[in-house]
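Chemist: Structure for the following, please:
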Amino acid sequence: MPVEKDDADSTAALARQWRLESGIGFLLRLLEAKYDGLYQSVTRQTDITPRQFGVLMALLQQGPMTPSALAERISCDRNTLSEMLKRMTARRLISKKSHPGDRRSIQVQITAKGTSALMAVVPAAARLQDLMLAPLSHDDRAHFLRCMLLIAKSAPTDPSA
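Modeler: Next up is the predicted model:
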């Protein structure tokens, strides 16, 4: 289907005016790259990835959970979580047991080894948060985090609208 000249002209004008530094995708990738680099240097370990940190923290704070509840809690798709749980089980950071209320289901729980590994990373994770937010005032930090959470937890919208 041919593109109309007016559409092509307006698209070209939009492209010329676009600023990467104002694009959310560009900024999110910059933040993620900065976070990943700092995570490795500040935690000085490679045993627990940032996502695994989230799994262990959720299990520590909320106790045993079904994989579905855990996926929802950490906002992770079930397939990705399933693979991560396999690796974490093999490393004995978590264990799986039958769900007491539904024998067809399982629950995931943190192990003593997982708790120990998590506790070794928690102080560095707190320091990392402070480092990432250092350019912002105390009030701006809270506002920035609220805005990020609002965007992350908002219901998906129809991209064709």
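Chemist: Just give the closest residue to the residue nearest the centre of the chain, not the sequence neighbours.
Modeler: Compute the mean C-alpha point of the chain, and by Cα atoms, centre = their mean the closest residue is Arg51, 6.1 Å away. In space, and not counting its chain neighbours, Arg51 is closest to Met84: 6.3 Å by Cβ to Cβ, 6 or more residues apart in numbering. For every residue, glycine as well, the C-beta is placed using N, CA and C.
Chemist: So that neighbour versus Ile74, what's the distance?
Modeler: Using Cβ to Cβ, to the nearest Å, Met84 is found at 10 Å from Ile74.
Chemist: Over to Ala12?
Modeler: Ala12 is 42 Å from Ile74, by Cβ to Cβ.
Chemist: Could you work out the end-to-end span of stretch 52-71 for me?
Modeler: Stretch 52-71 has an end-to-end distance of 12 Å (criterion: Cα to Cα, to the nearest Å).
Chemist: which residues does Gln52 contact?
Modeler: Met84, Met88, Leu93 (Cβ atoms under 8 Å, 6 or more residues apart in numbering).
Chemist: Name the member of those with the shortest distance to Glu32.
Modeler: Among the contacts of Gln52, Met84 lies closest to Glu32 (Cβ to Cβ), at 17.6 Å.
Chemist: Validate this expectation: the closest one resides in a helix.
Modeler: Yes. Counting by DSSP: H, G, I helix; E, B strand; the rest coil, Met84 is part of a helix.
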